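[1] Sequence and predicted model, in that order:
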Amino acid sequence: MYTHRLYRWEAALLMAFAILLTIGMWASVTQSALADEVLRLHVVANSDSDADQAVKLQVRDAILSAATPYLDGVQGQAEAQQALEPHLNELAQAGAQVLREAGMDYPITVSIQDVWFPTREYTDFALPAGTYRSLQVILGDGVGHNWWCVVYPPLCVGSVSEESVETSASGVLSEDQISLISGQDGEYVLRFKVLEWWDSLMQKFQG
């Protein structure tokens, strides 16, 4: 009897592990496919003071405004990166002007890097945790709360509604991907939390 009960527990554990492995593999493939298509934007404030947090958003707007013309007509993440890389100094200058006008004397750095992001929920869409190519904007010491979004496709310019998510991402993301990030298939944030858990688990094993 004891042996039979132990066998059932082992079978249940193996089944649970198999389910978690399947979910984790699905989540990893889903995030990787999204990461191959988008260019994130990450603005890190100098500190958490009210003034630094306020100017962070002003710098964000200035950099988005300066970057948008260069992204017109690009096809894919690689083209978006190629379009922006020659103009990183110009983007930094746009942000630096905002800092000067606000009376801030700290520097700004702008680069394109691979960065790990947690699951992020926006007004009408969410993106799963994972490593993404990102336009990185660091203000001063870069120890304040940061701001994430997507510069390509342009999902963080203005107020993003479900309709504009579809419009902005059309031709860049697949219908299934658009449905997933905009929540049309339901429970998308829960799925993304599973992905974040899986990614954290994999990092612990690799570390």
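    Received, thanks. Everything numeric here is computed off the predicted structure, so don't read it as measured data.
[2] how about the strands of this protein, start to end?
    Secondary structure of the chain, counting by DSSP state E: strands at 39-44, 108-117, 120-121, 126-127, 130-139, 146-152.
[3] Mean pLDDT, distance to Tyr70 and mean neighbour count added to those strands, as TSV?
    For glycine as for every other residue, the C-beta is placed from the backbone atoms N, C-alpha and C. Formatted as TSV, the entries for the strands of the chain read as follows, by pLDDT from 0 to 100; distance: least, C-beta to C-beta, whole Å; neighbours: other C-beta atoms under 10 Å:
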stretch	mean pLDDT	distance to Tyr70	mean neighbour count
strand 39-44	95	12	23
strand 108-117	95	13	16
strand 120-121	72	24	14
strand 126-127	76	22	22
strand 130-139	95	11	22
strand 146-152	88	10	21
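[4] need these in a markdown table with distance to Ala66, can you?
    Below are those laid out as a markdown table (distance: least, C-beta to C-beta, whole Å):
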| stretch | distance to Ala66 |
| --- | --- |
| strand 39-44 | 12 |
| strand 108-117 | 10 |
| strand 120-121 | 23 |
| strand 126-127 | 23 |
| strand 130-139 | 11 |
| strand 146-152 | 11 |
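[5] OK, contacts around Leu88?
    Going by C-beta atoms under 8 Å, 6 or more residues apart in numbering, Leu88 touches Val110, Ser111, Ile112.
[6] ok, what's across the strand from the closest residue to the second one other than its chain neighbours?
    Read it as Ser111. Counting by C-beta to C-beta, 6 or more residues apart in numbering, Gln136 is the residue found nearest to Ser111 once chain neighbours are left out, at 5.0 Å. Per DSSP bridges, the residues bridged to Gln136 are His42, Ser111.
[7] Pretty sure Leu135 sits against His87.
    No: contact between Leu135 and His87 fails when scored by C-beta atoms under 8 Å: they sit 10.8 Å apart.
[8] shared neighbours of those two, anything?
    Common neighbours of Leu135 and His87 (C-beta under 8 Å, 6+ apart) are Ala67.
[9] re the thing from before, could you report the separation of the residue nearest to Ser111 from Val110?
    Using C-beta to C-beta, to the nearest Å, we find Gln136 at a distance of 7 Å from Val110.
[10] returning to what we had before: who wins for proximity to Glu79 among the strands of the chain?
    strand 146-152 (8.7 Å; C-beta to C-beta).
[11] partners of that closest one, with directions?
    Here, using DSSP bridges, strand 146-152 pairs with strand 39-44 (antiparallel).
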